[in-house]
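Asker: Sequence first, then the predicted structure:
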Protein chains: 2
Amino acid sequence: MKPTTLKGTRDFLPAEVRRRDYIFDIIRKHFRTFGYQPIETPVMEDLRTLTGKYGEEGDKLLFKVLNNGDFLNKASAADLAAKDSNKVIPQIAKRGLRYDLTVPFARYVVMHQNDLAFPFKRYAIMPVWRADRPQKGRYQEFYQCDADVVGSDSLLYEAELTQLLDAVFTELGLKAVIRLNNRKILAGLAEIAGMADNMMDMTIAIDKLDKIGEDGVVKELKERGADAGAVDVILQFLKTSNLDDVAPLLADSEVGKQGIAELQETFRLIKKHLSPNPSPEERGTKNRIEFDVTLARGLNYYTGAIYEVAVDTDAPGQGNIKMGSIAGGGRYADLTSIFGMKNMPGVGISFGAERIYDVLEELNLFPADASEDLQYLLVCLDDAALEHGFGLVSRLRARGVHADLYPSAAKLNKMMKYADQRGVPKVVIIGSEEVKTGKYSVKTMNSGDQHKIDELNL
Amino acid sequence: MKPTTLKGTRDFLPAEVRRRDYIFDIIRKHFRTFGYQPIETPVMEDLRTLTGKYGEEGDKLLFKVLNNGDFLNKASAADLAAKDSNKVIPQIAKRGLRYDLTVPFARYVVMHQNDLAFPFKRYAIMPVWRADRPQKGRYQEFYQCDADVVGSDSLLYEAELTQLLDAVFTELGLKAVIRLNNRKILAGLAEIAGMADNMMDMTIAIDKLDKIGEDGVVKELKERGADAGAVDVILQFLKTSNLDDVAPLLADSEVGKQGIAELQETFRLIKKHLSPNPSPEERGTKNRIEFDVTLARGLNYYTGAIYEVAVDTDAPGQGNIKMGSIAGGGRYADLTSIFGMKNMPGVGISFGAERIYDVLEELNLFPADASEDLQYLLVCLDDAALEHGFGLVSRLRARGVHADLYPSAAKLNKMMKYADQRGVPKVVIIGSEEVKTGKYSVKTMNSGDQHKIDELNL
């Protein structure tokens, strides 16, 4: 059998693992600096925990794990004979692979509520599984990187998470545009436009503004039941670009005014405290943080602030990147009532690590040393040198130097080719002269330069 | 529905994740220092890659993932009617969860052979799944931490991996006894004892010496077909405790002599180069590295050196630990021929992270700061202080200080209780006086001491 991986899954070569870890490490570092705590949940969840949480389509995309042993024994003969797959699933599979990190987090909070201090700030960087049709950039097994705080409705967290987004993209060297809106503002607009009952239709149309333009939105709004008055109100709304202009439009909506007040407070905090207080000159080279009245994002779930981050295509050198959202999130009024626990509001963000990887690759933003952390490869020209080299590599490693030794006295060409394949920046060449003097020939692979160096200077 | 985790799987609280990461980080650090490179393979493998690789029992313990969509459609109606679970499996499940890290590694080496430089040194720290009956200390989802080098039969690697085991357990503060043997020595003994054809029987009996004593081994050997002469030879062999005494016993066995020569060379290298060259006084407080003629370990797979590491119960304070192997490994002549690629010998080790966790917990060897990495919690006595506190926590985080802020001006008692639950070592108390002077009251939670500290000294 010719070995293969399953479609939608991937092997990672060492350099790829390191570059992925470079991203995960930066995200994790800032999660921790901001006081988020790591949790872990199992890959396999009780299928009843997962089923029904992601809509009918989501249920289909869940990977189900077959019960072990004689799993058909307890299945209904009639359902098997009818080949009724959907009916048979719960009879032969009680486990599923997690589909996201949010539902397992909700289960976790409910199960461990007595062991947690609220507000509880958690992060998780873990893979999830979806039986989506694989395509470029979409996998059946991929990572999510989530930070959430639950048990508080303080707006300080909205500002904090914006700072966190800013800190991560700043360290990644990627200029991002962080867009904010508030679901209550959209609810207010729906109210004013007389579309409170079909707010979803309204936001679906609004959300497409980027793609289909104003005329397209008007057409879609009409198709979705907006009358001429509603269309006018909505168009006027879409033309506003700052919060102060939106406020008068929503003066008659309580929920709308509340949304504006929340977002104004969030922006006030961000502007006053955005670390590390960049000067105006610096700000031009940094992430942009903007109000976006057209931002809609998973409305069923979110109830307050919503975030979405994209590559800033106005920033120098980033203009040609075609990539959707690279991070996002928002506030929700209720995380856990699906599992019987009330009053657990929260707010969270999620980084799209797989897309961030593709962007950093395309913009050549990975640092050179993100791909390989070996510092020295020792190559030895004869057996006595090899014995000496083994002692040297042992002492280097004991000092914490990342070092490796080619395991035989092979031809120099062959060993240098190996060094090249390993991507090691420096090669230590050891022959009888080096053994005698303790001065090693160190070749820098990039430049070809070669110098004699003492052990302690390696 | 009351939410629950599946039997044999676990949630981890933040302090547990951190202590687990403490172990993984130390193992990973030394893997990298020694030049091992990270790879990742998918959690789901083609079931054909996994089936038949772990024996009949192993096949039963594989978790199989149900095909998506109308999975029963293509299944045989007759097999379904007969409820023949084993026959139906391949018809409805083409995916399985990985059972160990070795078979996926073999598949990986074959698939990516043109992208890898040999000798290829890889590590992986990833979970695996087995449908074993869950019991104390045995889980259905657990981590393996493996380092292997393939594509070389140099004995330098046997010595290097011993150094690596020593380095990890030294940094963990755990006194370990690292036992070495060589499969060729056991093969030689089987030859001399006339048991070459039932070497497995011989080694199963020998392996039990610790548990059933000499008399028990004799009884078992006889039951397994050893004649009186064989028993005599084997007993004499078991009484030897160093390689020099074993050598004459195996003088008539070529394979036995080779095993002795290999192990002698390995010990020579270890003794000469074991980093960081501890003095004799230090050595007493360090890991022991010993030849163990009774060490058998998974003989079907290993063909040369074998390792097994246990807690050193002779070391001060470690005498009461009841725990089996905490790490192990060995050399194999052939990793990849199951996937059609010949001549790929290697040697590897694996750390039992779950058991190491239990041991460190029992011996109280986790450092205090392994459980929580938050440095400061800021608590604010009124709303003006909270506004000030948000600025302070923003600036601290921008400097890389791990800091958090209680999100409202609550009662001091309540906030201090939260600080205690979070396990944070220091609390910064901010009231109107602190806002005015910029000198913050910092309380050390352990001692209760309280001092005034400037922002820049936080």
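Answerer: That came through fine.
Asker: ranges for the strands of the stretch 101-250 of chain A?
Answerer: A:120-129, A:141-150, A:176-182 (DSSP state E, counting those that start in this stretch).
Asker: Dump the ones you listed to CSV, plus distance to chain B.
Answerer: (Each C-beta comes from the backbone N, C-alpha and C, glycine too.) Listed next are the strands of the stretch 101-250 of chain A as CSV, based on distance: least, C-beta to the nearest C-beta, whole Å:
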stretch, distance to chain B
strand A:120-129, 7
strand A:141-150, 5
strand A:176-182, 16
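Asker: Kindly reformat those as JSON lines and extend each row with mean pLDDT and mean neighbour count.
Answerer: Listed next are those as JSON lines, based on pLDDT from 0 to 100; neighbours: other C-beta atoms under 10 Å in any protein chain shown:
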{"stretch": "strand A:120-129", "mean pLDDT": "98", "mean neighbour count": "22"}
{"stretch": "strand A:141-150", "mean pLDDT": "98", "mean neighbour count": "22"}
{"stretch": "strand A:176-182", "mean pLDDT": "95", "mean neighbour count": "23"}
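Asker: nearest to B:Ala327, of those strands?
Answerer: Ranking the strands of the stretch 101-250 of chain A by proximity to B:Ala327 (C-beta to C-beta) places strand A:120-129 first, at 25.6 Å.
Asker: Just want the angle from that closest one to strand A:141-150.
Answerer: Here strand A:120-129 runs at an angle of 160 degrees relative to strand A:141-150 (axes from the mean of the first three to the mean of the last three C-alpha atoms, to 10 degrees).
Asker: got a list of contacts for strand A:120-129?
Answerer: Outside of strand A:120-129, the residues within contact range by C-beta atoms under 8 Å, 6 or more residues apart in numbering or on different chains are A:24, A:27-28, A:31-32, A:34-41, A:43, A:63, A:97-101, A:105, A:109, A:140-151, A:353, B:14, B:43-44, B:404.
Asker: follow-up on the earlier one: okay, the strands of the stretch 101-250 of chain A in JSON lines with distance to A:Ile321 next?
Answerer: Formatted as JSON lines, the entries for those read as follows, by distance: least, C-beta to C-beta, whole Å:
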{"stretch": "strand A:120-129", "distance to A:Ile321": "24"}
{"stretch": "strand A:141-150", "distance to A:Ile321": "20"}
{"stretch": "strand A:176-182", "distance to A:Ile321": "11"}
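Asker: Looking at these, spot the one closest to B:Gln236.
Answerer: With C-beta to C-beta, the closest approach to B:Gln236 among those belongs to strand A:120-129: 53.9 Å.
Asker: all helices of the stretch 51-200 of chain A, in order?
Answerer: Applying DSSP state H, counting those that start in this stretch to the stretch 51-200 of chain A gives helices spanning A:55-61, A:77-81, A:85-92, A:102-111, A:156-172, A:183-192, A:199-207.
Asker: Endpoint to endpoint, stretch A:3-19 covers what distance?
Answerer: 26 Å (C-alpha to C-alpha, to the nearest Å).
Asker: how about it against chain B, any contact?
Answerer: Yes - Stretch A:3-19 lies within reach of chain B by C-beta under 8 Å from any C-beta of the partner chain, at A:3-6, A:9-14, A:17-18.
Asker: Buried residues of that stretch, list them for me.
Answerer: By neighbour count, with 16 or more other C-beta atoms under 10 Å in any protein chain shown as the criterion, the buried positions of stretch A:3-19 are A:3, A:5-6, A:8-19.
Asker: Please list the outside residues in contact with it.
Answerer: Residues lying outside stretch A:3-19 but in contact with it, judged by C-beta under 8 Å, 6+ apart, are A:20, A:132, A:134, A:138-141, A:357, A:360-361, A:366, A:370-373, A:423, B:37-46, B:49, B:94-95, B:107-108, B:110-112, B:115-116, B:122, B:339-340.
Asker: what about 7 Å?
Answerer: Residues lying outside stretch A:3-19 but in contact with it, judged by C-beta atoms under 7 Å, 6 or more residues apart in numbering or on different chains, are A:20, A:134, A:139-141, A:357, A:366, A:370-373, A:423, B:37-42, B:44, B:46, B:49, B:95, B:107-108, B:110-112, B:115, B:339.
Asker: Which members of the residues you listed are classed as buried?
Answerer: A:20, A:139-141, A:357, A:366, A:370-373, A:423, B:37-42, B:44, B:46, B:49, B:95, B:107-108, B:110-111, B:339.
Asker: Just the ones of the residues you listed in strands?
Answerer: Helix and strand membership here follows DSSP state E; of the buried ones among the contacts of stretch A:3-19, those in strands are A:141, B:37-38, B:44, B:46, B:95.
Asker: out of those, who's nearest B:Met200?
Answerer: Nearest to B:Met200 among those, with distances taken as C-beta to C-beta, is B:Asp46, at 30.6 Å.
Asker: Find me the pLDDT at the closest one, would you?
Answerer: Here, the pLDDT recorded for B:Asp46 equals 97.
Asker: For beta bridges, what are the partners of it?
Answerer: When assigned by DSSP bridges, B:Asp46 has beta-bridge partners B:Arg95.
Asker: remind me which residues of the stretch 201-350 of chain A are low pLDDT?
Answerer: Applying pLDDT under 70 to the stretch 201-350 of chain A flags the ranges A:275-285, A:298-299.
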